[in-house]
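In: Sequence and predicted model, in that order:
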Amino acid sequence: MAKGAALYITYIQGQSKTDQLAFFKAIGGRMGQCRSLAVTTGEWKHCCANLEATVPSRLEKLHLSGGRYSMGPVKFFGGAAAPPGLKDVRLESIPIAVTPLKLACLTRLHLSDIEDVSAPELLRILSDSPSLETLSLVSMEDLDHNTAPRLPPIQLLSLSQVILLDLSVTFIHFVLSAITAPCLQEMVIDCDMEGIPSSQLLNGDLAHLSPTLSSAVSTASEIRVNFRRKFAYEIQVGGLEIALAHKSTLRHMQDTLEWLGNHVGVHLNKLPFHLYISNCKPNLESLEWFTSKVVVTKLTLLSSSFSSMPEFKMDIEEIVPLLSHRKSSSRDSWYLPCVEVLVTNMVRPSGNPDIVEMIERRHSANREQREGSGVPKRFREIWLSQGRHTGQNTSKPNVEFLKAVKTAGGSADVYWEAKKWTSAGLE
């Protein structure tokens with residue numbers, strides 16, 4: 001390597017074959033050449049020793065990630081400010097003193113579980129980074145935002161993505177009330193709303209963001225509602241994604257949808273729904289609401305590949321029989337009759353007769369019954385795959401099962417592991 005050449009360093013503990021002490025000792029004298037530094041480790045002593053003593057003047061990207069730590073905050077770069085060319089900063093669960101860095105002119109900022117940063121310092125970083133494009137804050141509850149001064153919103157004209165995860169509603173308000181982002185394309189919010197009405201999530205204090213949020217959802221073609229666990233749900237519309245936890249999941253979700261329709265975009269009330277269910281079974285009340293109050297055209301049923309608890313898979317599989325018969329409360333009505341696209345990874349190596357039967361019964365009802373709101377539509381697309389709960393690394397198609405699905409589905413396009421299936425096999 002040429003003397004003085006720029007260095008792009010990545011070290012991931014557990015994946016590197018080089019001993020950590022030897023690695024950081026070897027690069028210690030060349031940190032000044034470092035253009036990019038990305039380190040993931042739970043042992044910060046060796047890495048911090050280098051960063052404490054050296055100012056890598058060419059540094060443009062700094063990504064540091066670790067587990068929980070016991071050592072106190074460390075002042076990088078000998079307590080000096082960060083290099084002026086540093087644009088991309090990602091700090092996760094590391095013992096770093098942020099304030100002495102005097103971060104400014106950033107284009108990307110991600111802070112997760114960083115204790116030694118104040119609310120005024122965060123506002124200063126944002127104010128001194130007018131070209132910021134991405135802002136991500138995760139688990140920053142130790143930051144006391146109640147003492148921060150209320151200032152006019154900071155103009156971030158290049159900001160296109162905001163991610164706020166595992167934060168309180170008041171902290172989310174603090175961040176969003178502090179910025180103006182007319183070019184925002186994506187906003188992701190994840191918080192616990194227990195005891196808080198959904199109308200308080202994006203309330204009057206954030207009225208200045210309404211045009212931005214309306215723009216973010218203006219091109220949406222569907223509303224995706226994801227039940228991800230028993231007391232949590234997600235709503236995704238265009239570039240806006242809201243993930244909330246609340247014990248009264250259905251009622252709270254209804255209120256959130258109503259608020260979005262009234263304040264973000266009235267056109268949302270006319271969009272079809274994509275019901276996405278993973279690792280849980282919504283109760284009958286929820287299925288009734290999605291059947292009678294909105295139009296669900298796409299249904300996704302997933303069992304997490306990493307789940308070792310078979311009860312998750314069993315719960316979600318109980319939905320299939322409910323879609324195979326008329327509702328007990330009505331002679332002619334079926335659950336989710338407008339679903340035309342089915343996606344599931346619950347296919348067993350031996351095949352799933354219950355899925356074949358469900359497709360046959362819904363298509364048969366479509367042929368036999370007159371057109372009406374309760375008559376199930378025929379499937380247009382059926383996307384099948386095999387969840388990794390089997391312990392297999394690859395999933396070979398069960399040809400007989402796919403033939404049965406294709407026969408039952410008639411003109412529906414059938415896909416296996418994202419590849420189209422025909423009588424000749426996978427395309």
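Out: Here it is on my side, so go on.
In: now residue 58: how far from residue 34?
Out: Going from residue 58 to residue 34 by CB to CB, to the nearest Å gives 7 Å. All C-beta atoms are positioned from the backbone trio N, CA, C, and that covers glycine.
In: Cross-check the contact I'm expecting between residue 41 and residue 47.
Out: Yes. With contact defined as CB atoms under 8 Å, residue 41 counts as touching residue 47 (6.4 Å).
In: where do the contact lists of the two overlap?
Out: In terms of CB atoms under 8 Å, 6 or more residues apart in numbering, residue 41 and residue 47 are both contacted by the residues 11, 20.
In: tell me the contacts of residue 140?
Out: Counted by CB under 8 Å, 6+ apart, residue 140 has contacts 111, 112, 113, 114, 117, 167, 171.
In: For it, which three-state class applies?
Out: coil (DSSP: H, G, I helix; E, B strand; the rest coil).
In: Name the residues contacting each of residue 58 and residue 34.
Out: residue 6.
In: before we move on, what SS does residue 234 have?
Out: Per three-state DSSP, residue 234 ends up strand.
In: One more: residue 289?
Out: Under three-state DSSP, residue 289 comes out as helix.
In: Without its sequence neighbours, what residue ends up closest to it?
Out: With CB to CB, 6 or more residues apart in numbering as the criterion, residue 289 has its nearest non-adjacent residue at 6.3 Å, and that residue is residue 250.
In: got it, and residue 5?
Out: For residue 5, the spatially nearest residue (CB to CB, 6+ apart) is residue 33, at 6.6 Å.
In: By average pLDDT, which secondary structure element in the protein comes out worst?
Out: helix 310-317 (a mean of 54; mean pLDDT, DSSP states H and E).
In: right, and the helix or strand after it?
Out: helix 319-322 (DSSP states H and E).
In: What lies in contact with that following helix?
Out: Residues contacting helix 319-322 (CB under 8 Å, 6+ apart): 277, 281, 282, 284, 287, 301, 335, 352, 354, 355, 358.
In: go again using 7 Å as the cut-off
Out: 277, 281, 287, 301, 335, 354, 355, 358 (CB atoms under 7 Å, 6 or more residues apart in numbering).
In: Of all these, the one with the weakest confidence?
Out: For those, the minimum pLDDT belongs to residue 281; the value there is 71.
In: Just want to check the distance between it and residue 321.
Out: 11 Å.
In: Same question for residue 102.
Out: 61 Å.
In: what about those two, which has more around it?
Out: residue 102 (14 against 11; other CB atoms under 10 Å).
In: mind listing the helices for the stretch 201-350 of the chain?
Out: 210-217, 249-263, 284-292, 310-317, 319-322 (DSSP state H, counting those that start in this stretch).
In: for the ones you listed, which one sits closest to residue 76?
Out: helix 210-217 (34.5 Å; CB to CB).
In: now for the closest one, which elements pack on it?
Out: strand 240-245 (3 or more CB pairs under 7 Å, 6 or more residues apart in numbering; DSSP states H and E).
In: can you list the weak-confidence ranges in the stretch 151-300 of the chain?
Out: 204-205, 266 (pLDDT under 70).
In: hmm, back to that, with secondary structure, distance to residue 206 and neighbour count as added columns, please give the contacts of residue 140 in JSON lines.
Out: JSON lines is the format used below for the contacts of residue 140 (DSSP: H, G, I helix; E, B strand; the rest coil; distance: CB to CB, whole Å; neighbours: other CB atoms under 10 Å):
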{"residue": "111", "secondary structure": "strand", "distance to residue 206": "21", "neighbour count": "22"}
{"residue": "112", "secondary structure": "strand", "distance to residue 206": "23", "neighbour count": "17"}
{"residue": "113", "secondary structure": "coil", "distance to residue 206": "25", "neighbour count": "18"}
{"residue": "114", "secondary structure": "coil", "distance to residue 206": "24", "neighbour count": "23"}
{"residue": "117", "secondary structure": "coil", "distance to residue 206": "23", "neighbour count": "21"}
{"residue": "167", "secondary structure": "coil", "distance to residue 206": "14", "neighbour count": "22"}
{"residue": "171", "secondary structure": "helix", "distance to residue 206": "13", "neighbour count": "20"}
